[in-house]
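Asker: Provide a 3D model corresponding to the input given below.
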Amino acid sequence: MPYWQKIVAVLTVGWIVIWIYRTVLTPIYPIISDYFGGATDSQLGSISSFYFLGYVMMQIPSGMLVDKFGKKTILIPGFILFGLGTIIVAMANVLPVLFLGSVFAGLGCGTFYGVAYSLTAEYVPSNKRSLATAIVNSGTAVGSGLGLVSSSYFVGTGILPWQSLIWMTAGLIAIMTVVFAKVIKKEQMKPVEQKTKVQEAQLAEKGSTIKQLFRPHMIAAYVLYFSTLYAYYLIDTWLPNFLETERQFEGTAIGLVSSLVFFAAIPGALVFSRLADQIPHKKVPIIIALELMAATMLFIMVGTANQTVTIVGIIAYGFFGKLAVEPIIISWLSQFAPRKSIATTYGVFNFFGMTASVIVPSLTGTISDITGSKVYAFYLAIGIILVGTLIFSLVNKFAKAPTESY
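Answerer: Reported below is the predicted structural model:
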């Protein structure tokens with residue numbers, strides 16, 4: 001097996017483990033609330049917000065560290081920290097301790113994104129990059145589905161306490177740490193030069209990189225990614241609870257129906273990524289069309305009380321939504337990324353996008369506490385998608401793309 005295929009395989013499994021952790025608690029918020037003495041929706045949403053706070057805080061530093069010290073050198077300690085945070089969550093008896101564990105888990109996971117997509121950018125052939133990225137991203141769908149279904153069944157029906165699945169996740173994290181250590185090659189990093197002229201050249205290069213990172217097309221990508229992830233993490237953290245409390249789904253059906261978003265995303269991601277690889281000059285129209293379709297399907301999903309229509313909307317959103325469009329955005333973005341700072345570029349990109357994941361869980365909980373419904377939070381997400389897509393469209397229509405090679 002070529003090395004790039006091994007990379008795709010282990011990164012896919014890495015995302016599976018990360019997303020099992022991210023979703024395993026969301027279908028059982030009422031059980032978590034009871035365990036901690038009646039936590040409010042805002043407090044429950046803060047569990048995810050604290051995790052994503054740690055995750056976002058690590059994005060830019062980890063990208064810079066990866067570019068300086070190498071991917072493997074940063075990824076292994078990151079996953080060890082992820083495991084430590086998971087153990088703290090499993091042992092928590094009060095919410096502040098659970099929040100602390102969530103932050104540590106987020107900090108550890110924060111090293112993965114820059115490593116994953118700098119590895120695919122470096123080793124995957126360019127004509128297979130969108131498809132390979134989609135395959136790696138499919139791990140998020142599989143992990144999400146496994147987390148949602150397993151917690152709904154084992155914890156929701158009383159077979160296991162909620163801590164058991166967290167301990168199992170910690171075991172998976174330990175296994176993946178060993179796999180990364182064995183499969184990912186350690187890079188030979190160049191020694192740091194001490195000469196003044198070299199340092200000056202490096203400073204000049206960093207200044208040039210910063211300018212490149214904030215070109216209009218890059219900023220448009222950051223805005224679009226934020227709007228895409230805002231809706232996605234609203235679904236990730238609150239859809240199971242929404243289905244239970246406002247659409248009368250019950251028991252294991254909550255996890256199964258919620259997981260349809262993620263399972264429907266796998267064929268969508270593969271189909272549209274393959275299409276984008278075949279007609280690379282059409283990536284921008286494909287991105288815009290997918291964003292508009294996702295917003296439409298999200299509106300259908302929450303705008304009805306009919307369970308069948310809700311399920312259709314969930315499946316359609318998964319097919320056209322974040323996991324379908326993200327590989328194309330990442331592939332499109334690579335043409336603007338400074339070649340010597342690829343991990344930093346993706347770190348900055350993910351930092352701005354993932355700020356949505358910090359905001360949306362607790363903000364949605366607050367909206368729910370105030371209004372008694374989460375429908376208004378979903379409508380807000382739809383509006384954010386439309387605004388982000390409009391900005392991305394206008395920039396790509398009127399701003400001149402850079403022509404120099406990085």
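Asker: tally of neighbours for residue 370?
Answerer: Residue crowding around residue 370 was assessed by other C-beta atoms under 10 Å; the count is 11. In short, each C-beta sits where N, CA and C put it, glycine included.
Asker: Repeat that for the one 5 residues further on.
Answerer: With neighbours defined by other C-beta under 10 Å, the count for residue 375 comes to 15.
Asker: separation between it and residue 2?
Answerer: With distances defined as C-beta to C-beta, to the nearest Å, the gap from residue 375 to residue 2 amounts to 48 Å.
Asker: repeat for residue 104
Answerer: 35 Å.
Asker: Low-confidence regions, the stretch 251-400 of the chain specifically.
Answerer: Counting by pLDDT under 70, the stretch 251-400 of the chain shows low-confidence ranges at 338-340.
Asker: can you give me the helices in it?
Answerer: Using DSSP state H, counting those that start in this stretch, the helices of the stretch 251-400 of the chain run over 252-278, 283-302, 307-320, 322-333, 342-371, 375-398.
Asker: Out of the ones you listed, which gets nearest to residue 114?
Answerer: Residue 114 sits nearest to helix 342-371 of all those, at 4.1 Å, using C-beta to C-beta.
Asker: And the closest one, what does it pack against?
Answerer: Packing partners of helix 342-371 (3 or more C-beta pairs under 8 Å, 6 or more residues apart in numbering; DSSP states H and E): helix 41-69, helix 112-123, helix 196-213, helix 216-246, helix 322-333, helix 375-398.
Asker: Of all the ones you listed, which one is nearest residue 148?
Answerer: Using C-beta to C-beta, the nearest of the helices and strands packed on helix 342-371 to residue 148 is helix 216-246, at 6.6 Å.
Asker: got the buried residues for stretch 112-129?
Answerer: 112-121, 123-124, 128-129 (16 or more other C-beta atoms under 10 Å).
Asker: Would you enumerate the residues in contact with residue 333?
Answerer: 218, 221, 345-346, 349 (C-beta atoms under 8 Å, 6 or more residues apart in numbering).
Asker: Which of residue 104 and residue 2 has more residues huddled nearby?
Answerer: Looking at residue 104 and residue 2 with other C-beta under 10 Å, you find the greater number of neighbours at residue 104, namely 21 against 10.
Asker: residues contacting the more buried one?
Answerer: Per C-beta under 8 Å, 6+ apart, neighbours of residue 104: 54, 81-82, 84-85, 88.
Asker: which outside residues touch stretch 312-323?
Answerer: The contact list for stretch 312-323 (C-beta under 8 Å, 6+ apart) reads 134, 137-138, 140-141, 228-229, 231-232, 235, 239, 257-258, 260-269, 290, 293-294, 297-302, 304.
Asker: can we see that at 7 Å?
Answerer: With C-beta atoms under 7 Å, 6 or more residues apart in numbering as the contact definition, stretch 312-323 has outside contacts at 137, 140-141, 228-229, 232, 257, 260-262, 264-265, 267-269, 290, 293-294, 297-298, 300-301.
Asker: Tell me if I'm right that residue 173 and residue 18 touch.
Answerer: No. Residue 173 lies out of contact with residue 18 (C-beta atoms under 7 Å); the separation is 8.7 Å.
Asker: before we move on, the earlier item: hey, which of the helices of the stretch 251-400 of the chain is tucked in deepest?
Answerer: Among these, ranked by average contacts under mean count of other C-beta atoms under 10 Å, first place goes to helix 322-333 (a mean of 25).
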